[in-house]
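Peer 1: following is a predicted model, sequence given first.
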Amino acid sequence: MPITIKSQIEGYRRAGVAHSKTPVTHPDGTFSETQLAQLEADPRITLTLDAATDSSDSNATNSGAMDPQRLAELVAHINQLDKDNPSLWMDSGAPKASSMPNGTSAAERDAAWDALVAQLDAEG
């Protein structure tokens, strides 16, 4: 499935590709499983799996779709993080992967962060 990648550093290289601060969508099959793991583990990279183009896979990590219970748990976890501890947060304001529960993928962290931001925006 297509994957959108955004780097915190213009031209930052990971998985054999120079990445941009501007989100770039790569077609399905561009990256191997090893490269995807590298991208997900890198805190300087934000990646989003485009679930809208491939809903056949029900695995939350691979399809971008997340179980609502899991999403709620991760949003609650982010809410409990110490907002004054810079070691838990990226420069963008999103939580670092290392501040999330073990086994949380970058895509899950990003989905939870997006859900929390949307919730806060709705509250005004």
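Peer 2: Thanks, I have it.
Peer 1: can you list contacts of stretch 67-83?
Peer 2: By Cβ atoms under 8 Å, 6 or more residues apart in numbering, the surrounding residues in contact with stretch 67-83 are 60, 88-89, 95, 99-101, 104, 108-109, 111-113, 115-116, 119. All C-beta atoms are positioned from the backbone trio N, CA, C, and that covers glycine.
Peer 1: where along the chain do the helices fall?
Peer 2: With DSSP state H, the ranges of helices along the chain come out as 33-41, 60-63, 68-80, 106-123.
Peer 1: least confident of those helices, on average?
Peer 2: With a mean of 38, helix 60-63 has the lowest mean pLDDT of the helices of the chain.
Peer 1: mind putting the helices of the chain into JSON lines with distance to Lys21 and mean neighbour count?
Peer 2: Listed next are these as JSON lines, based on distance: least, Cβ to Cβ, whole Å; neighbours: other Cβ atoms under 10 Å:
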{"stretch": "helix 33-41", "distance to Lys21": "15", "mean neighbour count": "15"}
{"stretch": "helix 60-63", "distance to Lys21": "25", "mean neighbour count": "17"}
{"stretch": "helix 68-80", "distance to Lys21": "23", "mean neighbour count": "14"}
{"stretch": "helix 106-123", "distance to Lys21": "16", "mean neighbour count": "16"}
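Peer 1: any chance of those in a markdown table, plus distance to Ser7?
Peer 2: Below are the helices of the chain laid out as a markdown table (distance: least, Cβ to Cβ, whole Å):
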| stretch | distance to Ser7 |
| --- | --- |
| helix 33-41 | 10 |
| helix 60-63 | 21 |
| helix 68-80 | 22 |
| helix 106-123 | 13 |
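Peer 1: between the ones you listed, which one is nearest to Ala18?
Peer 2: Of all the helices of the chain, helix 33-41 sits nearest to Ala18, with 12.9 Å by Cβ to Cβ.
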